[in-house]
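Novice: Sequence and predicted structure are below.
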Amino acid sequence: MKKNWHSYVLLALLVLSISFVAAQPVQAYEIDSDGRVNEGEVINDDLILAQDNVVMEGTVNGLLLATAQNVIINGTVNGDAFVFAQNVTIGEGAVIQGNLFTGAQTVIVSGKVEGSVFSGGMATTLKKPAFVGRNVYFGGYSLEILQGAEVNKDVAAGGYQVIVAGNINRDLNADLGALKINGRIGRNVSVVVAEPSDGTSSAPYIPQQNMPMTLNPGLHIAEDAEIGGNLSYTSVIPQDSAIKSKPSGTVFYMTPVPNDAGNSVKVSEKPHTSNRILVQIGRIIKDMGKNFVSLSILGALALWLIPGLVNGFLQTLKSKPWQSAGIGILTYILSWIAVGLAILVVISVTVLLAFITLGGLSGVFFWSGTAIILVYIIVFGMMVSLGSKVIVSYLVGNWILSQFIKDQPVNPYAALLIGVVIYTLLRAIPFFGGLVAFVAIVFGLGAASYYIINRLQKKPVLPA
């Protein structure tokens, strides 16, 4: 099913309406009034489910957004699934053809996710026969991949502990208090881990239901662990005695030491003076590569999926550059103020509803409001860090090509590539590169905001 930015914005607004109006869902694309999609039931559209308890056992041919205290999915979602609840269960019969985005106290995945899993919360567990077709991104207290569960590509995690008893077919990258591996890692493990200690890093506010046992800080590489590549770990002290099974590659131990700027760098010892210039050059080249790849990929996807929107931003920036810059500055400042106020509103209204409805509606409001704020922060952050720079790069490349090609339309992908190369080179210049990034954010963010405001007011975009 074709999706665009309008769908996601409308879905977010509908979830907000649910929170303010009532505990019952509001009619939108497709709504199930009792929070349940039975086995054999087919929804040929995007679907929103919002109840105290949500059960999805049918088929959704579109995007699924579910918010509740408890969400259980045992059906098929032929698109992305956005699930926000206290407890989320993706059962053995579940098939999610897209990505799974979830925020919850506990998340249990036993089904199949063809895309990636993005999970934030207290504890996320992958149980047999769970299969993730791409990557797992986790932020929270505990991530556990049990025996029989499989991640087809990489795992990136940040939190207190990660336990791997199943399979990760490529790399594991993490920043943790504790790491235990008694399963299989297909390639490399790279982890920043706490110093070993006999005392656990307990968190008294974390409910123990569905929570795995808390590990002692440090590395725990069991005898039956398999690591197909290198094991690289950063710690205050060596932890060789905790590595019971040697990887197929090499074990690299690194200590966090300060560099000249006072920041931590992951090297086993400080580089000699003769090597510092080479190290700095290497970092510059690495940053240039990251900028070039990320902007090129995002820009190409935008031109492919939403060309009309991108060209609308371009025409706005051409016709109203200084107005765009002013709106860009206001958008950046006011957006963070709005996020802060939204957080206060969600907390205040949640507490109020808890007294009025004895907690029933408060949970729906809290998770709905939190989901909207998180989605906005992610979209806004992407727009600031990448989207604004894509717009400005595209404008620069378009202008350069138009100076050489007078009688033919400019190839948008070529224009994007030229603009990204120029931006990447300018961004790599010390001090000046920071100014270039600031200018790109202000003008690009402003053009996008100005265009959207005009569209909402149904005003035409003036030609350049």
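Specialist: Yep, that arrived.
Novice: Excluding sequence neighbours, find me the nearest residue to P412.
Specialist: Spatial nearest neighbour of P412, chain neighbours left out: L303 (5.2 Å); criterion: CB to CB, 6 or more residues apart in numbering. C-beta here means a position set from N, CA and C on the backbone, and glycine is covered the same way.
Novice: any weak-confidence spans in this protein?
Specialist: Within the chain, the set of residues satisfying pLDDT under 70 comprises 1-34, 199-211, 257-286, 354-355, 357-364, 405-407, 458-464.
Novice: tell me the domain ranges of it?
Specialist: The record's domain split for the chain, according to automatic domain parsing, is 1-114, 116-270, 286-456.
Novice: Can you tell me which of these is packed in deepest?
Specialist: Sort those by mean neighbour count, taking mean count of other CB atoms under 10 Å, and domain 1-114 sits at the top with a mean of 20.
Novice: Just checking the distance from that one to the centre of its chain.
Specialist: In terms of CA atoms, centre = their mean, to the nearest Å, the gap separating the centre of domain 1-114 from the centre of its chain is 18 Å.
Novice: again, but for stretch 329-341
Specialist: Distance of stretch 329-341 from its chain centroid, counting by CA atoms, centre = their mean, is 21 Å.
Novice: Ok, stretch 402-418 next?
Specialist: Taking CA atoms, centre = their mean, one finds the center of stretch 402-418 at 33 Å from the center of the full chain.
Novice: Keeping just the C-alphas, turn it into PDB.
Specialist: Taking C-alpha atoms only, stretch 402-418 is exported to PDB below (Å, rounded to 0.1, in the frame of the first residue of the first chain):
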ATOM      1  CA  SER A 402      21.200  24.700 -14.700                       C
ATOM      2  CA  GLN A 403      24.100  27.000 -15.600                       C
ATOM      3  CA  PHE A 404      25.500  24.400 -18.000                       C
ATOM      4  CA  ILE A 405      22.300  22.800 -19.300                       C
ATOM      5  CA  LYS A 406      20.100  25.600 -20.700                       C
ATOM      6  CA  ASP A 407      17.700  23.700 -23.000                       C
ATOM      7  CA  GLN A 408      17.100  20.500 -21.100                       C
ATOM      8  CA  PRO A 409      15.600  19.600 -17.700                       C
ATOM      9  CA  VAL A 410      18.000  19.000 -14.900                       C
ATOM     10  CA  ASN A 411      18.400  15.400 -13.800                       C
ATOM     11  CA  PRO A 412      17.300  15.500 -10.100                       C
ATOM     12  CA  TYR A 413      19.600  12.700  -9.000                       C
ATOM     13  CA  ALA A 414      22.600  14.200 -10.700                       C
ATOM     14  CA  ALA A 415      21.800  17.600  -9.100                       C
ATOM     15  CA  LEU A 416      21.500  15.900  -5.700                       C
ATOM     16  CA  LEU A 417      24.800  14.100  -6.100                       C
ATOM     17  CA  ILE A 418      26.700  17.300  -7.100                       C
END
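Novice: what's that stretch in contact with?
Specialist: In this structure, residues lying in contact with stretch 402-418 by CB atoms under 8 Å, 6 or more residues apart in numbering are 296, 299-300, 303, 307, 310, 390, 393-394, 396-398, 400-401.
Novice: tell me which of these is nearest to D80?
Specialist: Top of the list for closeness to D80, among these and by CB to CB, is A300 at 20.4 Å.
Novice: what about the closest one, which helix or strand?
Specialist: When secondary structure is defined using DSSP states H and E, the element that contains A300 is helix 273-305.
Novice: And for E92?
Specialist: Here E92 sits in a region with no helix or strand, counting by DSSP H and E.
Novice: thought it was touching P129?
Specialist: Yes. Judged on CB atoms under 8 Å, E92 makes contact with P129 at a distance of 6.4 Å.
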